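Trainee: Okay, predicted coordinates and the sequence, questions at the end:
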Amino acid sequence: MDPNKPIRLKIISMGDAEVGKSCIIKRYCEKRFVGKYLATIGIDYGVTRVNQKSAELKVNIFDMAGHPIFYEVRNEFYTDTQGVLLVYDSGNKKSFENLEKWLDEMKSELKNAREMENIVVCVCANKSDKRKVVDPAEGKLWADSYGFLFYETSAFNGDGVQEMFQNLFESVVTAVRNGGRRAPITTQLGYTKEQVETIQRLKQGQTDYEKMGLYYGANKEEINKAYRKLAVLLHPDKSVAPGTEEAFKLLVAARTSLLKNAGAS
């Protein structure tokens, strides 16, 4: 590698239509927000030069349209990818659930599994300035399970965008200097998937029975048994999962309400 020449990087964006992929890129490259939605037709392409502490970068960004009808256009651009922005709308659960489909599409178009293993992927929970349907803890847990980077971003106000791109570029440069091999991303969550799912259920449950994972009409013994199990799982002194304290309060309130109703029946 010639130290006097810029390092060329190929970055692509993936994710459902309207999650804000183009807006994130414009926020980073042009330092502005485009409020009017303009659907990407096929592929948008741009080049930006970035000066980092260790290198000058020439970054080629391929902004891929999220609509299914553009699959035949997208599939030509996965080869030789070094970095990926995998974007979902934190206010749209379906766009989060579809991340798996985007990974599957990219895997199906790459030459071999090893190529996929060496691509640096950054999961972006975009529109963090708006109401969130997908808890950031759930998004981070999913990203960590694959060894991906994770950032909350807002193309609207710029939160997280600069840091996300900087770390993505640094990780890709490290991989380039390591012969194209991505360095493993180690994570120490300190909390479990069960804790995250329980917190989500307590926050989103429509009834107290649903919040506690009980069937309608459960008796006092069943209510208390479920409470003890969940209290151990989510006690604020032991759980570091985001949203634990709020979820624990919801748990206590649900138990109190259910015991009161059970005593009246």
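Mentor: Nice, thanks for sending it over.
Trainee: low-scoring stretches of the stretch 51-200 of the chain, by residue?
Mentor: For the stretch 51-200 of the chain, the stretches flagged by pLDDT under 70 are 53-54, 66, 68-73, 111-114, 180-189.
Trainee: hey, where'd the strands end up in it?
Mentor: 56-64, 83-89, 120-126, 149-152 (DSSP state E, counting those that start in this stretch).
Trainee: Excluding chain neighbours, what is closest to residue 239?
Mentor: In this structure, residue 239 finds its nearest non-sequential neighbour in residue 195, 5.7 Å apart by Cβ to Cβ, 6 or more residues apart in numbering. In short, each C-beta sits where N, CA and C put it, glycine included.
Trainee: Quick check: that neighbour vs residue 170, distance?
Mentor: According to Cβ to Cβ, to the nearest Å, residue 195 and residue 170 sit 31 Å apart.
Trainee: Tell me how far stretch 167-182 lies from the chain's centre.
Mentor: 20 Å (Cα atoms, centre = their mean, to the nearest Å).
Trainee: likewise stretch 130-144?
Mentor: Per Cα atoms, centre = their mean, the centroid offset for stretch 130-144 relative to its chain is 6 Å.
Trainee: what residues go with each domain of this structure?
Mentor: Here the domain parsing of the chain from automatic domain parsing is 7-177, 193-264.
Trainee: TSV for the strands of the stretch 51-200 of the chain, including distance to residue 103?
Mentor: Shown next, in TSV, are these (distance: least, Cβ to Cβ, whole Å):
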stretch	distance to residue 103
strand 56-64	13
strand 83-89	8
strand 120-126	8
strand 149-152	14
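Trainee: how about JSON lines for the ones you listed, with distance to residue 159 and mean neighbour count added?
Mentor: Below are these laid out as JSON lines (distance: least, Cβ to Cβ, whole Å; neighbours: other Cβ atoms under 10 Å):
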{"stretch": "strand 56-64", "distance to residue 159": "20", "mean neighbour count": "19"}
{"stretch": "strand 83-89", "distance to residue 159": "14", "mean neighbour count": "26"}
{"stretch": "strand 120-126", "distance to residue 159": "10", "mean neighbour count": "26"}
{"stretch": "strand 149-152", "distance to residue 159": "7", "mean neighbour count": "22"}
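Trainee: Just tell me which of those ends up closest to residue 142.
Mentor: Judged by Cβ to Cβ, the one of those that comes nearest to residue 142 is strand 120-126, at 7.1 Å.
Trainee: Give me the contacts around the closest one.
Mentor: Contacts to strand 120-126, defined as Cβ atoms under 8 Å, 6 or more residues apart in numbering, come from residues 15, 19-21, 23-24, 82-90, 99, 134, 136, 139, 142-143, 146, 148-155, 164, 167-168, 171-172, 175, 182.
Trainee: ok, that strand: who's next to it in the sheet?
Mentor: Paired strands of strand 120-126, with direction, are strand 83-89 (parallel), strand 149-152 (parallel) (DSSP bridges).
Trainee: what are the C-alpha coordinates of the longest one, in CSV please?
Mentor: This means strand 83-89. Taking C-alpha atoms only, strand 83-89 is exported to CSV below (Å, rounded to 0.1, in the frame of the first residue of the first chain):
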residue,chain,number,x,y,z
GLY,A,83,-18.3,-1.2,4.7
VAL,A,84,-22.1,-1.2,5.1
LEU,A,85,-24.6,1.2,6.6
LEU,A,86,-27.5,-1.0,7.6
VAL,A,87,-30.3,1.4,8.5
TYR,A,88,-33.7,1.1,10.1
ASP,A,89,-36.2,3.6,11.3
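Trainee: Any idea how far that strand is from the middle of the chain?
Mentor: Strand 83-89 sits 8 Å away from the centroid of its parent chain (Cα atoms, centre = their mean).
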